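Enquirer: I'll drop the sequence and a predicted model, then ask my questions.
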Amino acid sequence: MIEYKRLLYISLFASLAVVVHMIEALIPTSIIVPGAKLGLSNIMILLSLVLFGYSAGFQVLLLRTIISSFLIGTFMTTSFYLSLAGGLLSFTLMALAYKYLNDKFSLIGVSLLGAVAHNVGQILVAYLIIDNWGIIYYLPYLLLFALPTGIFIGLAVIYLEEHLRLNL
């Protein structure tokens, strides 16, 4: 693929990830699990990883995290660090699974791994902030949201990859 076209797609995916994240920020958090979000912007991150490689997926992750935090007003706050830590751990494990376990993990499995890792990363940073392992008991509740959305994100990426590969 021509480099400028690749850069255009990465920019488009990062922009879409920011927009989806912003829309999601407007939705009130769950009463059942306070602070839980669907994480639908991860569709663009995983799709970038699959279509354009690790560097592109990482760029979309960083752009989405930084730009969204500026627009929402959470840059360099606890929320920013939780999001960044979850995103970095999630992306790292998804990239490794996609590269080395591609024969064992479908994109749904890769997405599920990312969803779980995102929450684990957030819990680890929360522990570093509050210095209380009691926060670990919050993880099962977060996973109530992570598992179904991880499946949905995996299915969405499979669908989008099939249709976008034809046009790239």
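Expert: Thanks, I have it. Numbers count the residues shown, from 1 in each chain.
Enquirer: Secondary structure class of residue 137, three-state.
Expert: At residue 137 the chain is in helix, as set by DSSP: H, G, I helix; E, B strand; the rest coil.
Enquirer: same question, residue 33
Expert: Residue 33 - assigned by three-state DSSP - is coil.
Enquirer: same check, this time on residue 38
Expert: With three-state DSSP as the criterion, residue 38 reads coil.
Enquirer: what's the neighbour count on it?
Expert: 16 (other Cβ atoms under 10 Å). All C-beta spots, glycine's among them, are computed from the backbone N, C-alpha and C.
Enquirer: so where's this protein uncertain?
Expert: 1, 30, 166, 168 (pLDDT under 70).
Enquirer: Report the spatially closest residue to residue 39, excluding sequence-adjacent ones.
Expert: residue 149 (5.7 Å; Cβ to Cβ, 6 or more residues apart in numbering).
Enquirer: So that neighbour versus residue 79, what's the distance?
Expert: 19 Å (Cβ to Cβ, to the nearest Å).
Enquirer: Next, the buried residues of the helix or strand harbouring residue 20.
Expert: Take DSSP states H and E as the rule and residue 20 turns out to sit in helix 3-26. Residues of helix 3-26 classed as buried: 6, 9, 10, 13, 14, 16, 17, 18, 20, 21 (neighbour count, 16 or more other Cβ atoms under 10 Å).
Enquirer: any idea how far the second one lies from residue 77?
Expert: Residue 9 sits at a distance of 31 Å from residue 77 (criterion: Cβ to Cβ).
Enquirer: Repeat that for the last one.
Expert: In this structure, residue 21 lies at 15 Å from residue 77, with Cβ to Cβ as the measure.
Enquirer: just the first one next, same as before
Expert: Between residue 6 and residue 77 the distance, using Cβ to Cβ, works out to 33 Å.
Enquirer: Over to residue 157?
Expert: 29 Å.
Enquirer: higher neighbour count, these two?
Expert: The neighbour comparison of residue 157 against residue 77 (other Cβ under 10 Å) goes to residue 157, with 25 against 12.
Enquirer: mind checking which helix or strand the closest residue to residue 156 other than its chain neighbours is in?
Expert: In space, and not counting its chain neighbours, residue 156 is closest to residue 43: 5.0 Å by Cβ to Cβ, 6+ apart. Using DSSP H and E, residue 43 sits in helix 42-52.
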